[in-house]
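[1] Fold the following, please.
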Amino acid sequence: MSLTPEPTPGTTASGVTDAENSLEMKEVEGLSQGQIVRRRFFRHKGAVISMIVLATIIIMAFTAVGFDFVVFELAIKTAGWWQWSWIDIPTPQNGGRPTLSLVPEWLGGDGIRIGDHPFGQDEIGRDIFAVVMRGTQQSVVIMFVVGIIATTIGTVIGAVAGYYRGWVDSVLMRFTDIIITIPLIVIGAVLGLAFGRLGAFVLAIIIGLFTWTGLARLVRAEVLSLREREFVDAARVAGASDRRIIFKHILPNAIGVIIVNTTLLMAAAILLETALSFLGYGVQPPDTSLGKIISENQAAFATRPWLFWWPGLFIILIALCLNFIGDGLRDAFDPRQKRMPSSKALAKGRDEKVSS
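    Model (predicted):
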């Protein structure tokens, strides 16, 4: 009876695993950490496509109808390339139906054309394309402002709590638990009704002050693990201050967790703002947002469904793009997320290993 020799400790059986490891080591040889992360991210097709789609939506929204924002009495206003603004009421055309057509005549359609009102018009005649672009602007502003504020607060509180532990950790985490126990939709409704008239920027600041809790707990858990590593002990021995250790040594190693959860938080901010605006507690008239457009036209769902298609489509696209980008960033920053090589690449790796 023949016995199969067992692999010695610290080694792996030859075969597919060796080929995978050989290919991975060869691909990242001589590259910096930033280059490795960038290569992994751009291999995630869903994330790359989502980044292109999101960038296209943002550029189109902010150039079509121009800027028109007032931030703490500072007015920013520019003209856009679209012929109508979101407050114009042109003469109704085509019965208010969309003039956009993407079906050629030889297939039984109206031909490929855009027309004056590609997304149609509402009951009072406003151009829905212009209104949706304005709503997308507001939603994107809220998305980014909430992301910046919530990420900053959550990262700082989580890092300080995880690094110092003890009574500092207890106080900060109990404060975090108190914020978590209050339903976010209730906080948003109360604060949105009070501050929604001040514009999307102020509303985003208020929302950002209450959406950092989940990120704070994730950062705390990551810092609790990283503070026990050898490089932190080396920094202490070298005389580095606590602030330098936290912000120069620990947090850069937790950047993957922070960035990935920031993208998810931004997607959640879009959906929260949409829900608040639909309920009438978000952005207030005369301005608008994607959720506000749906709320204003809910009575026309049976007669003019395109009033829901377009804002709903942009909400879904923005949220999906952010989630796919977050998924790509997770794969890029987490070395445990390995891409399965193709059969051809595995065979080549095995052949090179045998020949060597």
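[2] all helices for the stretch 101-250 of the chain, in order.
    Secondary structure of the stretch 101-250 of the chain (DSSP state H, counting those that start in this stretch): helices at 128-164, 166-181, 184-195, 200-208, 213-226, 230-237, 242-244.
[3] Return the set of buried residues in the first one.
    Read that as helix 128-164. Within helix 128-164, the residues scored as buried using 16 or more other C-beta atoms under 10 Å are 128-143, 145-147, 149-151, 153-163. For every residue, glycine as well, the C-beta is placed using N, CA and C.
[4] Could you check the angle it makes with helix 200-208?
    Relative orientation of helix 128-164 versus helix 200-208 (axes from the mean of the first three to the mean of the last three C-alpha atoms, to 10 degrees): 40 degrees.
[5] what's helix 128-164 packed up against?
    Under the contact criterion of 3 or more C-beta pairs under 8 Å, 6 or more residues apart in numbering; DSSP states H and E, helix 128-164 touches helix 45-64, helix 166-181, helix 200-208, helix 213-226, helix 255-279, helix 290-296, helix 306-333.
[6] Next: the third one.
    Helices and strands in packing contact with helix 184-195 are listed as helix 200-208, helix 255-279; criterion 3+ C-beta pairs under 8 Å, 6+ apart.
[7] again with the fifth one
    Under the contact criterion of 3+ C-beta pairs under 8 Å, 6+ apart, helix 213-226 touches helix 128-164, helix 166-181, helix 255-279.
[8] Can you list the helices and strands that the last one packs against?
    Other elements packing on helix 255-279 under the criterion 3+ C-beta pairs under 8 Å, 6+ apart are helix 128-164, helix 184-195, helix 200-208, helix 213-226, helix 290-296, helix 306-333.
[9] could the ones you listed be laid out in JSON lines, adding distance to V48 and mean pLDDT?
    Output for these, formatted as JSON lines (distance: least, C-beta to C-beta, whole Å; pLDDT from 0 to 100):
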{"stretch": "helix 128-164", "distance to V48": "20", "mean pLDDT": "92"}
{"stretch": "helix 184-195", "distance to V48": "31", "mean pLDDT": "76"}
{"stretch": "helix 200-208", "distance to V48": "27", "mean pLDDT": "85"}
{"stretch": "helix 213-226", "distance to V48": "25", "mean pLDDT": "92"}
{"stretch": "helix 290-296", "distance to V48": "25", "mean pLDDT": "85"}
{"stretch": "helix 306-333", "distance to V48": "7", "mean pLDDT": "88"}
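[10] Mean confidence (pLDDT) on stretch 38-58, please.
    Stretch 38-58 carries an average pLDDT of 91.
[11] For that stretch, output the C-alpha coordinates as PDB.
    In PDB, the C-alpha atoms belonging to stretch 38-58 read as follows (Å, rounded to 0.1, in the frame of the first residue of the first chain):
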ATOM      1  CA  ARG A  38      -5.300  51.000  -9.200                       C
ATOM      2  CA  ARG A  39      -4.700  47.900 -11.300                       C
ATOM      3  CA  ARG A  40      -7.100  45.800  -9.300                       C
ATOM      4  CA  PHE A  41      -9.800  48.500  -9.400                       C
ATOM      5  CA  PHE A  42      -9.600  48.900 -13.200                       C
ATOM      6  CA  ARG A  43      -9.900  45.100 -13.600                       C
ATOM      7  CA  HIS A  44     -13.400  45.300 -12.100                       C
ATOM      8  CA  LYS A  45     -15.400  46.000 -15.200                       C
ATOM      9  CA  GLY A  46     -18.600  46.800 -13.300                       C
ATOM     10  CA  ALA A  47     -16.800  49.500 -11.200                       C
ATOM     11  CA  VAL A  48     -15.100  51.100 -14.200                       C
ATOM     12  CA  ILE A  49     -18.400  51.200 -16.200                       C
ATOM     13  CA  SER A  50     -20.200  52.600 -13.200                       C
ATOM     14  CA  MET A  51     -17.600  55.300 -12.700                       C
ATOM     15  CA  ILE A  52     -18.000  56.400 -16.400                       C
ATOM     16  CA  VAL A  53     -21.800  56.400 -16.100                       C
ATOM     17  CA  LEU A  54     -21.700  58.400 -12.900                       C
ATOM     18  CA  ALA A  55     -19.300  60.900 -14.300                       C
ATOM     19  CA  THR A  56     -21.400  61.300 -17.400                       C
ATOM     20  CA  ILE A  57     -24.500  61.900 -15.300                       C
ATOM     21  CA  ILE A  58     -22.800  64.500 -13.100                       C
END
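[12] What residues sit buried inside that stretch?
    R40, F41, H44, A47, S50, M51, V53, L54, I57, I58.
[13] The second one against G328, yeah?
    Yes. With contacts defined as C-beta atoms under 8 Å, F41 counts as touching G328 at a distance of 5.2 Å.
[14] Mutual contacts of those two, please.
    Residues touching both F41 and G328 (C-beta atoms under 8 Å, 6 or more residues apart in numbering) are A47, V48.
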